[in-house]
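In: A predicted structure for the sequence below; I have some questions about it.
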Amino acid sequence: VYLCLQGRAELHWPEAPAGSEPISTIEPGRLIGDLAVILRQPRELDLRAAEDCLFLRIGAEEYRAVIESDAGVAMQLLETVSGHLVGLATKMRAAGLHAEPTSQEAPDLPSVTDQPIAAGPSGSQTEVPLDKKLDKKLDKKREEDAPG
């Protein structure tokens, strides 16, 4: 998983020719590769720098640990991924493209009701941008994993 810290990059299909319109533009604050990590599948798109960029790499296991331990982060991720899917569906509809049904079954996913929900002492969750929550969780995990 990569977090864009500065610059601008574009996501393209691997076979897309140079100069083609990107599927999505990546700007500071945006995560990429998160869905591939969650699904444990290779990334499907190529990232091309549109200008000088700086990205922070977040290890797959660290990223999964944050999502699994913080319902607020998981919910924010769900909202972000849903927004990207809606945006892509809108683009496909505008281009006159329609998804073809496939016989491939979706992987088994745990029921949302099977997962505990984390909350603060007052029972409420505080809203913090995703990257700040990740930073806090990753710092805590590094401290726990640090030798002696």
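Out: Thanks, I have it.

In: wait, is residue 41 part of a helix?
Out: No. Read with DSSP: H, G, I helix; E, B strand; the rest coil, residue 41 is coil and lies in no helix.

In: going forward, count from 495.
Out: All set: I'll call the first residue 495, so the last point we hit is now residue 535.

In: that one: neighbour count?
Out: 10 (other Cβ atoms under 10 Å). (C-beta placed from N, C-alpha, C; glycine too.)

In: next one: residue 531
Out: Residue 531 has 19 neighbours, counted by other Cβ under 10 Å.

In: how much space separates the spatially closest residue to it that is not a sequence neighbour from residue 536?
Out: Leaving aside its chain neighbours, residue 531 sits nearest to residue 554 (4.6 Å; criterion: Cβ to Cβ, 6 or more residues apart in numbering). Distance of residue 554 to residue 536, given as Cβ to Cβ, to the nearest Å: 12 Å.

In: compare these two (neighbour count), which wins?
Out: Taking neighbours as other Cβ under 10 Å, residue 554 and residue 536 compare with residue 554 leading, 14 against 7.

In: quick one: average pLDDT of the lengthiest helix in the chain?
Out: When the chain is parsed with DSSP state H, its longest helix is helix 565-588. The average pLDDT for helix 565-588 rounds to 85.

In: please enumerate the helices of the chain.
Out: Going by DSSP H, the chain shows helices at 528-533, 554-563, 565-588, 624-639.

In: closest to residue 497 out of those?
Out: Proximity to residue 497 (Cβ to Cβ) singles out helix 624-639 among these, at 5.9 Å.
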